[in-house]
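*Asks:* Would you be able to build a 3D model of this:
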Amino acid sequence: MPKVFFDTSVLFSAIYSQTGGSYQICRLVKKGEIEGYTTETVIKELQNNILKFSQKTKKNLESFIANHKFIVRSEITERETRPYLKIIVDKDAHVLAGATLCKCDYLLTLDKKHLNNEQIKERFTKAIITSPKKFLEYFRK
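*Replies:* Below is the predicted model:
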């Protein structure tokens, strides 16, 4: 069973649209067809983003995570991000650390600028970085 790490952008998209690939993958987690992972660090970032765009509460976010049966790792420490600071900008190092520490096969993100690009993919080999759309194409084969 694939172990999949969810970046903030994917969770944000899933919460706000039940028609996109991000939500479809969350449903696969809920059904037990894949293992979905994230971290407290991602969840805090997601809470901050939600507050910027909506009045959805922390409780709604926690309910979404729990209902979809995500495995949530503790917050990523500064020490745990250090190895990734040579690969990626500081604010996104926790994502690479999270995918590695959760021993995930895939890292899902919608962030093409900072995460899902060839320079990062060449340097980060612990998990396959991909978009929800590409992951679904692979998964459905």
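*Asks:* ok so K44 is a helix residue?
*Replies:* Yes. Inclusion of K44 in a helix is indicated when DSSP: H, G, I helix; E, B strand; the rest coil is applied.
*Asks:* Skip the chain neighbours and tell me the closest residue to it.
*Replies:* Of all residues not flanking K44 in the chain, E75 sits nearest, at 7.4 Å (Cβ to Cβ, 6 or more residues apart in numbering). (C-beta placed from N, C-alpha, C; glycine too.)
*Asks:* For that neighbour, give me the pLDDT.
*Replies:* According to the prediction, E75 has pLDDT 98.
*Asks:* That one: what's it in contact with?
*Replies:* 39-41, 44 (Cβ atoms under 8 Å, 6 or more residues apart in numbering).
*Asks:* What about it? Give its phi and psi, please.
*Replies:* phi -60, psi 140 (degrees, to the nearest 10).
*Asks:* For the helix or strand of the chain with the lowest mean pLDDT, give me every contacting residue.
*Replies:* Every helix and strand in the chain was compared by mean pLDDT, DSSP states H and E; the lowest is helix 58-67, with a mean of 83. Helix 58-67 is contacted by residues 11, 14-15, 30, 38, 43, 46-47, 50, 72 when judged by Cβ under 8 Å, 6+ apart.
*Asks:* L51 versus the residue nearest to K44, what's the distance?
*Replies:* Distance, E75 to L51, using Cβ to Cβ, to the nearest Å: 18 Å.
*Asks:* what does E122 give?
*Replies:* Taking Cβ to Cβ, one finds E122 at 35 Å from L51.
*Asks:* Neighbour count for the two, which is higher?
*Replies:* Legend: neighbour count by other Cβ atoms under 10 Å for E122 and L51, higher for L51 (12 against 9).
*Asks:* Now do the same contact list for T100.
*Replies:* 126-127.
*Asks:* mind checking the SS state of it?
*Replies:* Classified using three-state DSSP, T100 is helix.
*Asks:* Just give me the neighbour total for K86.
*Replies:* Neighbour tally, K86, other Cβ under 10 Å: 8.
*Asks:* before we move on, what SS does it have?
*Replies:* Per three-state DSSP, K86 ends up coil.
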